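A.B. asks: Just a sequence and a predicted model for now, questions to come.
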Number of protein chains: 2
Amino acid sequence: MLPTPVSMDTTEFRKRGKEMVDYIADYFEQLEERQVYPDVEPGYLRPLIPDSAPQEPESFEDVLKDVERIIMPGVTHWHSPYFFAYFPTASSFPALLADVLSGGIGCIGFSWAASPACTELETVMLDWLGKMINLPEEFLAGKDGEGGGVIQGSASEATLVTLLAARTKTIRRVQSENPELTEVDIMSKLVAYASDQAHSSVERAGLIGGVKIKNIPSDDKFTVCGSALKKVLHEDRAAGLIPFFFCATLGTTPCCSFDRLLELGPICNKENIWMHIDAAYAGSAFICPEFRHLLNGVEFADSFNFNPHKWLLVNFDCSAMWVKKRSDLTNAFKLDPLYLQHCHQESGLVTDYRHWQIPLGRRFRSLKMWFVFRMYGVKGLQEYIRKHVKLSHEFENLVLQDKRFEICAEVTLGLVCFRLKGSNELNEALLKSINEARKIHLVPCHLREKFVLRFAICSRTVESVHIQFAWKHISELATELLNA
Amino acid sequence: MLPTPVSMDTTEFRKRGKEMVDYIADYFEQLEERQVYPDVEPGYLRPLIPDSAPQEPESFEDVLKDVERIIMPGVTHWHSPYFFAYFPTASSFPALLADVLSGGIGCIGFSWAASPACTELETVMLDWLGKMINLPEEFLAGKDGEGGGVIQGSASEATLVTLLAARTKTIRRVQSENPELTEVDIMSKLVAYASDQAHSSVERAGLIGGVKIKNIPSDDKFTVCGSALKKVLHEDRAAGLIPFFFCATLGTTPCCSFDRLLELGPICNKENIWMHIDAAYAGSAFICPEFRHLLNGVEFADSFNFNPHKWLLVNFDCSAMWVKKRSDLTNAFKLDPLYLQHCHQESGLVTDYRHWQIPLGRRFRSLKMWFVFRMYGVKGLQEYIRKHVKLSHEFENLVLQDKRFEICAEVTLGLVCFRLKGSNELNEALLKSINEARKIHLVPCHLREKFVLRFAICSRTVESVHIQFAWKHISELATELLNA
């Protein structure tokens, strides 16, 4: 018996691969007709498929038929123009093409030697992207820089990796100043900070790293300013704690607010606190000169991260992270068993990305950046960002014209936070009726004590007509609710 | 200006997607002719491409031309039949097709509601795979089990996640027994263990989690036995430490040795130590009844992990992990901001996989398992494993017939550790001449004080003819070296 099913040699792959390409193209062409959020109940899938894997091979036709029968009815269609939930996740044809290539090559780039192109293209693509958002030179690898970028799987991992690097760096510094302190003594005094609006992954990074993590109260714009950080630092220093890490957020998840880097950065620098910036969603906008000012102050940061896989047309996963000193990362993580060593690794030119991340293995993800940046061009990407921002303001204006509603936070990029003037229960009921109608899909957030609806511009193909439809629909449901 | 390059609408994607499928099919058909390891020096790529991203869109043709000109010369061809380095990384056409589909759907399955099919297919596929390797029922989700499986990105993440879950569980238990102890007191006493042959990622998990991690000495078969663990536990308990986690390895990276689960498991159970099993490479073999005995003792474990993305034809990334009590994971990690809550989440039927892993986002990876399991069938997969094991024994026999060489560890699955009888320098020189000749690619390991060559059966398309070629080549280089 052949190890490959007889039906799937390269000839068959050419045929089936092309059918799959057509299936995906059809999917996108008809996406608007599919219901954005599925009707299924938990546990729907198990009864539809066998209890165990088949002993004998099945045909591609049978599998593809089951995709329509079993999978599609349970899919939340993130790329439907009626999807306004969470934040966007990127999708573009150039990225899909690059992913096919990446899968075909199928190398595992944990070290330079494991596939030099995989490492080197990544370093250069992170430089390209860094230049697109006008990152300070120190964050770029260049030919002999001390900084550089890496693709992480998610912003959560970027936060964790930088928190751990900061932890190691601080422990070593404190120990060199106070040789009588043990690592455990120091760990027990370490404290990290982030806005009370920061993503839950920051708190999680603290939990994982075994350090205290505290919220800094944001102001009435949901922004952390310098005085708020100073106050907490003062209290914590007085209590004998060692502040070591501050995660600033640009574009918070609840309402896309921006921490004040220009106030926070100098404080962190002065106090020996590692400043990491999480701009997971908002970062893509910084490729447009008119939004770049939101990043001012990045020059004070030790590390910066955003997700091209959210809003820059590079399919998940592709979270771009830069550090000013890559030795801060490699010192925190470097372990070198013989089977992973190679003759070039002590050359200054070589990057072994396994020392920059949590997993060992890594796919050839920079191909997606290369394809997308080249086939859109910077201008094409800027137009894409601008279109989304324009659509969010269009929605904002529709809300503002309806006296029953209020806007709950400043609309800067592609997210609108809004609610009916009135109780949380009323707004919960409105969201429920929206999501039960299944015509569009939204998720809520809390802003202080208020239950708020989030309207995020998500799909690559969303246009004014969808925004107008969504608002008309929401407005009608609100009328029904208020009349009831 | 349109946000999508004019040239890349769905019509154009159909055309270019099909060209890319052909490019990949061509790549596989001609892979044997490509040099397995590249000739490039560090820094080769940067001068070949522009300093920054283009402002205007470029054409697909230009990008694809550059793949051959810039990327391919720097690729280490992991799927070449002359690649015998590290461990295999999986590649199959059904998995590639599924990945195209996964990319097209492009959902982010962090919660059940974010795409129910993505979560539910994963749970059922992990049950299928669990049954294929005859995992104890307790590890399966079934309809109302307490256990279940999840796809992690890598074995490193599985080790980290389970170590963190064990850490939380132990801290809570110790604190409930000794309310006077703080979390820091307990953390400072925690100690985790693994074989001195375990993967570097286990030590790294300890570093990340901020706990001590100690090596247990392996015996002359590179195996950890019960008495070795007992001895260290006895010493550590006497010193006031709290042993909490043991990572057993099935199929170590240096030489594919197997820790003695049947001795180690009962000790861990008795001593309240979480036993995790890392079978990253070897696990795939357990789908064959004749290798399943190597997994005996898994019934004592709390968690088990292996990588279908290594040896089960499911392209990277797909690391399968099971736990007996999924609440152990979710209790360690659960944080629930409102924007991630959904109405079904407190139903017993629902799994929100974000609580099982480090990142938040996750791709629809179970499609790859579904396509591969169905299009190969269990029998096809078993044949594939058996072919590799047969080829490794073929190589072993060639080595054994040459009196100049020795086998350095028992050959159980697809890895042969061998060396020239003689000094480490001699073997380092042999490896150097092998890798400089570029006809095949190997990496070394240390077994105790010995420098050893690892010959791993890797490619899906490797056959006896490649093994014979590789051995003849190695043997000739050895002759040259010994004559010099």
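C.D. replies: Structure received.
A.B. asks: residue contacts, A:Leu294?
C.D. replies: Neighbour list for A:Leu294: A:250, A:258, A:282, A:285-286, A:412 [criterion: C-beta atoms under 8 Å, 6 or more residues apart in numbering or on different chains]. (C-beta placed from N, C-alpha, C; glycine too.)
A.B. asks: Among those residues, which lie within strands?
C.D. replies: Among the contacts of A:Leu294, no member falls in strands (DSSP state E).
A.B. asks: do stretch A:67-80 and chain B meet at all?
C.D. replies: Yes - judged by C-beta under 8 Å from any C-beta of the partner chain, stretch A:67-80 and chain B are in contact via A:67, A:70-79.
A.B. asks: A:Gln55 touches B:Gly380, doesn't it?
C.D. replies: No - counting by C-beta atoms under 8 Å, A:Gln55 stays clear of B:Gly380, with 9.2 Å between them.
A.B. asks: which of the two has more neighbours?
C.D. replies: More crowded of A:Gln55 and B:Gly380, by other C-beta atoms under 10 Å in any protein chain shown: B:Gly380, with 24 against 10.
A.B. asks: Excluding chain neighbours, what is closest to the more buried one?
C.D. replies: In space, B:Gly380 comes closest to A:Pro57 once its chain neighbours are excluded; the distance is 5.4 Å by C-beta to C-beta, 6 or more residues apart in numbering or on different chains.
A.B. asks: pLDDT score for that neighbour?
C.D. replies: pLDDT recorded at A:Pro57 is 96.
A.B. asks: A:Leu45 now?
C.D. replies: Here, the pLDDT recorded for A:Leu45 equals 97.
A.B. asks: Ok, A:Phe222 next?
C.D. replies: A:Phe222 is given a pLDDT of 98.
A.B. asks: Let's verify it: helix, strand, or coil?
C.D. replies: Secondary structure, DSSP: H, G, I helix; E, B strand; the rest coil: A:Phe222 is coil.
A.B. asks: Quick one: residues contacting it.
C.D. replies: Contacts of A:Phe222 by C-beta under 8 Å, 6+ apart are A:195, A:197, A:252, A:254-255, A:257, A:409, A:447.
A.B. asks: could you point out which element follows whatever helix or strand A:Ala205 lives in?
C.D. replies: Element membership of A:Ala205, judged by DSSP states H and E, is helix A:200-209. Once the chain leaves helix A:200-209, the next helix or strand it forms, by DSSP H and E, is strand A:212-216.
A.B. asks: Show me which parts of the longest helix along chain A are buried, residue by residue.
C.D. replies: When chain A is parsed with DSSP state H, its longest helix is helix A:366-400. Neighbour-count burial for helix A:366-400, with 16 or more other C-beta atoms under 10 Å in any protein chain shown as criterion, is recorded at A:366-378, A:380-389, A:391-393, A:395-396, A:398-399.
A.B. asks: Contact partners for A:Ser92?
C.D. replies: A:Ser92 touches A:313-315, A:372, A:376, A:460, B:4, B:8, counting by C-beta under 8 Å, 6+ apart.
A.B. asks: so how many other residues sit close to A:Ser227?
C.D. replies: A:Ser227, neighbours per other C-beta under 10 Å, totals 11.
A.B. asks: For it, give me its contacts.
C.D. replies: By C-beta under 8 Å, 6+ apart, the residues touching A:Ser227 are A:Glu263.
A.B. asks: In three-state terms, label it for me.
C.D. replies: helix.
A.B. asks: Disregarding residues adjacent in the polypeptide, which is nearest to A:Phe28?
C.D. replies: B:Thr10 (5.5 Å).
A.B. asks: Pretty sure A:Ser188 sits in a helix.
C.D. replies: Yes - with three-state DSSP as the criterion, A:Ser188 is part of a helix.
A.B. asks: Surely it is in contact with B:Val184?
C.D. replies: Yes - taking C-beta under 8 Å as the definition, A:Ser188 is a contact partner of B:Val184 at 3.9 Å.
A.B. asks: In which helix or strand does A:Glu263 reside?
C.D. replies: A:Glu263 belongs to helix A:261-270, assigned by DSSP H and E.
A.B. asks: Could you do A:Gly103 as well?
C.D. replies: Assigned by DSSP H and E, A:Gly103 falls in helix A:93-105.
A.B. asks: where do the helices sit along chain A?
C.D. replies: Using DSSP H, helices in chain A cover A:10-29, A:60-66, A:93-105, A:116-132, A:155-177, A:183-189, A:200-209, A:226-238, A:261-270, A:308-311, A:326-333, A:366-400, A:424-437, A:464-483.
A.B. asks: of all the ones you listed, which has the lowest average per-residue confidence?
C.D. replies: helix A:326-333 (a mean of 86).
A.B. asks: Alright, that wraps it up for me.
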